[in-house]
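*Asks:* just coords:
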């Protein structure tokens, strides 16, 4: 096992009605005024905005609205929000939404005290030395952003979907109420499942040193998410399934299954980020397309782990059968497994390959993910 | 799943040579003088004390020695150490040792600022409002104390082994170097395995609401600890097995497998604490005796979970076969399964039962663990 330092200072307040405590949490941290980030106006119709506003008001906390954050969130919006946050002199950022809103909130929080363009922080031209404190109420479980210090944002001008990561970007408090996720559409539920599975398998398959303990934890998360997804497709109101999905999703990317492993990379995310950046496909849908194609190309590099995956999660005998079983499961629950289902055709491949090669350089894996390799994977995903 | 708040602010610095960073960690927290708690003088012979002293000195940190802390640590020693810490005006407590030293360190840290006798904090006569910051270098993986806020200490006058728990008692930094555990004796290795398994199964079997995700995590920890134990018995120098054992041990009692479960209790620990308090048996050895006896009495209350345990961990068909398999495994690795192996006889039962009944009141489970029930369990353990 590799050496590591595990430190995750986020407080997760999990359960029914917990969003009503947001004012209290902010007050305990001495916050007086927040930039309240959200996506669509839906939260104003479904009562969540009202509940948050009531909680803030009852603790004397002011807010400035910053709505309209989209999926695959954009750096232009982050820039505007930084300007807004500085003008309003907020002393914290509050995200009410899913991973896109929260990732934007993190970028805004890091960008406000940064003396320069926030995109610098994504491309290694600047360092995050401080950030406004971040709080969130999660409405979609998928990205794990609620208990990690990373954020992914798209630069629509350069068509780059890049990330920041800094200890300053751990949320102070993340509120996870599974009931708020009851209205997630079937599509986004299964895309989210694909995202969590991707977070699990990246290290599981690519690490040069993967402790068996970590493999077992990964398998526990994947089995739970698959089971909960099927339960929720049958009954979206099943609270316990919603809760297990959410908590497993948090564990998939809070350090637990990565600390102590070594030499891993994120090839599925690397390839998918190009699909999101170029074609604005939902991140999880892109991942369920990329994963089977990548696995078919990659499995010979780590045959014992692929066989373990097949046996443990699908009762299958071989790596190939395990990959086929995962692909069949994606199809069964209704998330795509081919680029054509995303409207991406052979004509789009050259531009896509070019973008992936840029990501490969950014991720430091250009030696493995050459033009030929990327073309092979994407072609098999058509 | 139950509602919960997960917050674990301990930084775990894990890996080879990490003890050399203790001075740096303390300096980063502004510490100038520590009470250096340890057990026997062995750490002075094996070089660990020297490495710690060097690290402290190189950061200008003074220390006062507080050695001689024993297994099943005593409140009298904690009281002496509090006096010593106050006189020396230390501003932090540093534990170098296993769970007994660390639990003592936590009690000392809470006792220094407390205006009264520290035992008050164990019996609900006082509240922990503050504690000196706690740091530790772990030399035995078992109790999970390195990433939780609890501590168990024995009052030798009253023969009570009770606990404190407070957010003020999370270690600031825990250093876990598996190499420091290489010299753990075979006996203490298998006692430690029993302790970790006990931490896992208490909630697993007794919770009224046990999410399947949590069951899977528990099974991952138990399987890892059993596998690593067998590897280490064959080759004590196997670093990866030592590391997996240690990290799994930490995960067994840091909140991960308990948050979200409901209605659980700690009956095996409750009964074992009487064995430790009265007969000073090693905690893990007491647990490997109590567990099979308790399981034989309890399994009818939660048959599906016992069947799951049998199948998942031992490939056994029934609850009874699973219990027998665990007991056989304890015997195989060399930890006792009967009171007689601890030198405890039928003549000792009345006093033991009386002590357990005191614990049952303390744990709030006197309605379940009546005199008859406790007698049944202990008699079957003879």
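*Replies:* Nice, I can see it. These figures come from a predicted structure and were not determined experimentally.
*Asks:* Is the helix of greatest length in chain A positioned near chain B?
*Replies:* Secondary structure of chain A per DSSP state H: the longest helix is helix A:212-234. Yes - contact of helix A:212-234 with chain B (CB under 8 Å from any CB of the partner chain) involves A:212, A:213, A:216, A:217, A:219, A:220, A:221, A:223, A:224, A:227. C-beta here means a position set from N, CA and C on the backbone, and glycine is covered the same way.
*Asks:* which one is the third one nearest to, not counting chain neighbours?
*Replies:* Nearest-residue entry for residue A:216: residue B:220, 3.5 Å, with adjacent residues in sequence omitted and distances by CB to CB, 6 or more residues apart in numbering or on different chains.
*Asks:* ok, the one you found touching residue A:214?
*Replies:* No - in this structure, residue B:220 is not within contact of residue A:214 by CB atoms under 8 Å, at 9.1 Å.
*Asks:* Over to residue A:72. Which of the three states is it?
*Replies:* At residue A:72, secondary structure determined by DSSP: H, G, I helix; E, B strand; the rest coil is coil.
*Asks:* How about it, nearest residue that isn't a chain neighbour?
*Replies:* Counting by CB to CB, 6+ apart, residue A:72 lies nearest to residue A:276, which is 4.7 Å off, once chain neighbours are set aside.
*Asks:* what sits against the one you found?
*Replies:* With contacts defined as CB atoms under 8 Å, 6 or more residues apart in numbering or on different chains, residue A:276 is in contact with A:72, A:154, A:161, A:282, A:283, A:286.
*Asks:* From those, which land in helices?
*Replies:* Mapping the contacts of residue A:276 onto helices (DSSP H) picks out A:283, A:286.
*Asks:* quick one: which of the contacts of residue A:276 is nearest residue A:175?
*Replies:* residue A:283 (22.3 Å; CB to CB).
*Asks:* how close does that closest one get to chain B?
*Replies:* Computed as CB to the nearest CB, to the nearest Å, the residue A:283 to chain B distance reads 23 Å.
*Asks:* Give the burial count for that residue, as a bare number.
*Replies:* Neighbourhood size, residue A:283 [other CB atoms under 10 Å in any protein chain shown]: 24.
*Asks:* ok, now the one 3 residues further on?
*Replies:* As a burial measure, residue A:286 scores 32 neighbours (other CB under 10 Å).
*Asks:* Whichever strand or helix holds residue A:294 packs against which elements?
*Replies:* Assessed by DSSP states H and E, residue A:294 sits inside helix A:283-298. Judged by 3 or more CB pairs under 8 Å, 6 or more residues apart in numbering or on different chains; DSSP states H and E, helix A:283-298 is in contact with helix A:186-206, helix A:267-279, helix A:319-333, helix A:371-380.
*Asks:* Next, the angle from the longest one to helix A:319-333.
*Replies:* Just to be clear, that refers to helix A:186-206. 170 degrees (axes from the mean of the first three to the mean of the last three CA atoms, to 10 degrees).
*Asks:* Any buried residues in helix A:186-206, and which?
*Replies:* Using 16 or more other CB atoms under 10 Å in any protein chain shown as the burial criterion, the residues of helix A:186-206 that qualify are A:188-206.
*Asks:* Please apply the same query to the shortest one.
*Replies:* When burial is assessed from 16+ other CB under 10 Å, helix A:371-380 yields the following buried residues: A:373, A:374, A:377, A:378.
*Asks:* Fine by me, thanks again.
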